[in-house]
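Peer 1: Could you work out the structure for the sequence below:
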Amino acid sequence: MPGPQPTIAILGSGAVGALLGAELTRAGVATTLVTRDASAEAINASGITVTSPRFGDHATKVDARTTLDEPVDILLVAVKAPQLADALKRVTAEPATVVPLLNGVDHLAALRTRFDNVVAGTVRVQAHRDGRTQVVHRAPFLTITLAQPGAPALEQALTQADVDITTGASEVDVLWAKLSRLAALALSTTAADAPLGDVRDTAEAVAREVVAVANAEGATIDADIVVAELRGLPDAASSSLRADITQGAPDHELDAVGGAVLRAARCHDLLAPHTAELVARVQRRAAAG
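Peer 2: Residues are numbered from 1 along each chain as shown. The predicted structure follows:
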């Protein structure tokens, strides 16, 4: 039998945070977005407008605040890795459970110095924010993967909101499974400033290097499966890292993605030459502006 509805706060109102906030609110789950002053003001005034092949087109009033000063059952962290430290200053009350959806692996240690109960998670979605209050959900999937031991109250709420959930894998498998795919796609497309169809061989070489690092970290990931997933993506596939570097965004995730792989490789005395070369090329692009 379903338990009582949890109270949920979402730190960050980018595409992921805003989309989850809108869909959870529409499903009747008490949800608050915790975000910057200007975004909170705009969301409270206009709500969030969603365009989605899965959830339809709708506008939903969502509660938005600049600080979380009351305890909640679940805090979903949906900011980019470079924004994490500043975003956490907005949280002054202790949530019962914290579920980060950030890319990379290094954020968990930082969160666990602050919060008692952190459950690793990842999100799979294709979406972007158009202005402070509009989300364009570009593909008909939104999947959150939670590592053991999971978060049953959150799983119930997300299911109610028609968000797909996968659970049961170890923390290291959950985080590195996403990073192995993401690093391959993001580094190859960003270094070349080209879509995946132009850089497939490079992406696959990076994927195999990252899987080797992941498995040295304790994961059990099959490189052939990751490569097959990359081959299943369309030639036009690209990455948010490429968009950020092209636009000169200062809060890009190169360190959270490529840097994390190279740091872990060094810890295990592993070589990752393709990954290292692409990270260096992206660094040069970022420095050139």
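Peer 1: Now stretch 27-35: average pLDDT?
Peer 2: The predicted model assigns stretch 27-35 a mean pLDDT of 97.
Peer 1: Then stretch 57-66?
Peer 2: Rounded mean pLDDT across stretch 57-66 is 98.
Peer 1: buried ones in that stretch?
Peer 2: 60, 62, 64-65 (16 or more other CB atoms under 10 Å). Glycine gets a C-beta too; all of them are placed from N, C-alpha and C.
Peer 1: same question, stretch 229-244
Peer 2: By 16+ other CB under 10 Å, the buried positions in stretch 229-244 come out as 230, 233, 237-242, 244.
Peer 1: CSV for the residues you listed, including pLDDT and secondary structure?
Peer 2: Converted to CSV, the buried residues of stretch 229-244 look like this (pLDDT from 0 to 100; DSSP: H, G, I helix; E, B strand; the rest coil):
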residue, pLDDT, secondary structure
L230, 97, helix
L233, 93, coil
A237, 94, coil
S238, 94, coil
S239, 95, coil
S240, 94, helix
L241, 96, helix
R242, 97, helix
D244, 95, helix
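Peer 1: Now, the buried residues of stretch 57-66 that are in strands?
Peer 2: Of the buried residues of stretch 57-66, the ones assigned to strands by DSSP state E are 60, 64-65.
Peer 1: what about the lengthiest strand in the chain, distance to the chain center?
Peer 2: Longest strand of the chain, by residue count under DSSP E: strand 134-146. Chain-centre distance of strand 134-146: 11 Å, with CA atoms, centre = their mean, to the nearest Å.
Peer 1: Neighbouring strands - and their directions - for it?
Peer 2: Paired neighbours of strand 134-146 in the sheet (DSSP bridges): strand 48-51 (parallel), strand 121-129 (antiparallel), strand 164-167 (parallel).
Peer 1: CA-only coordinates of that strand, as PDB, when you get a sec.
Peer 2: Provided in PDB are the C-alpha atoms of strand 134-146 (Å, rounded to 0.1, in the frame of the first residue of the first chain):
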ATOM      1  CA  GLN A 134      10.100  27.400 -20.000                       C
ATOM      2  CA  VAL A 135      11.400  23.900 -20.400                       C
ATOM      3  CA  VAL A 136      11.700  22.100 -23.800                       C
ATOM      4  CA  HIS A 137      11.700  18.400 -23.300                       C
ATOM      5  CA  ARG A 138      13.100  17.100 -26.600                       C
ATOM      6  CA  ALA A 139      12.700  13.300 -26.300                       C
ATOM      7  CA  PRO A 140      10.000  11.100 -24.800                       C
ATOM      8  CA  PHE A 141      12.100   9.700 -21.900                       C
ATOM      9  CA  LEU A 142      12.900  10.900 -18.300                       C
ATOM     10  CA  THR A 143      14.600   8.200 -16.300                       C
ATOM     11  CA  ILE A 144      16.100   8.500 -12.800                       C
ATOM     12  CA  THR A 145      18.400   5.700 -11.600                       C
ATOM     13  CA  LEU A 146      19.000   5.300  -7.900                       C
END
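Peer 1: Can you show me the helices along the stretch 1-150 of the chain?
Peer 2: 15-26, 37-46, 84-88, 107-112 (DSSP state H, counting those that start in this stretch).
Peer 1: quick one, which of those is nearest to D251?
Peer 2: Judged by CB to CB, the one of the helices of the stretch 1-150 of the chain that comes nearest to D251 is helix 84-88, at 9.7 Å.
Peer 1: by contact count, what packs against the closest one?
Peer 2: With contacts defined as 3 or more CB pairs under 8 Å, 6 or more residues apart in numbering; DSSP states H and E, helix 84-88 has these neighbours: helix 107-112.
Peer 1: any idea how far the helix it packs on is from the chain center?
Peer 2: Relative to its chain's centre, helix 107-112 lies at 15 Å (CA atoms, centre = their mean).
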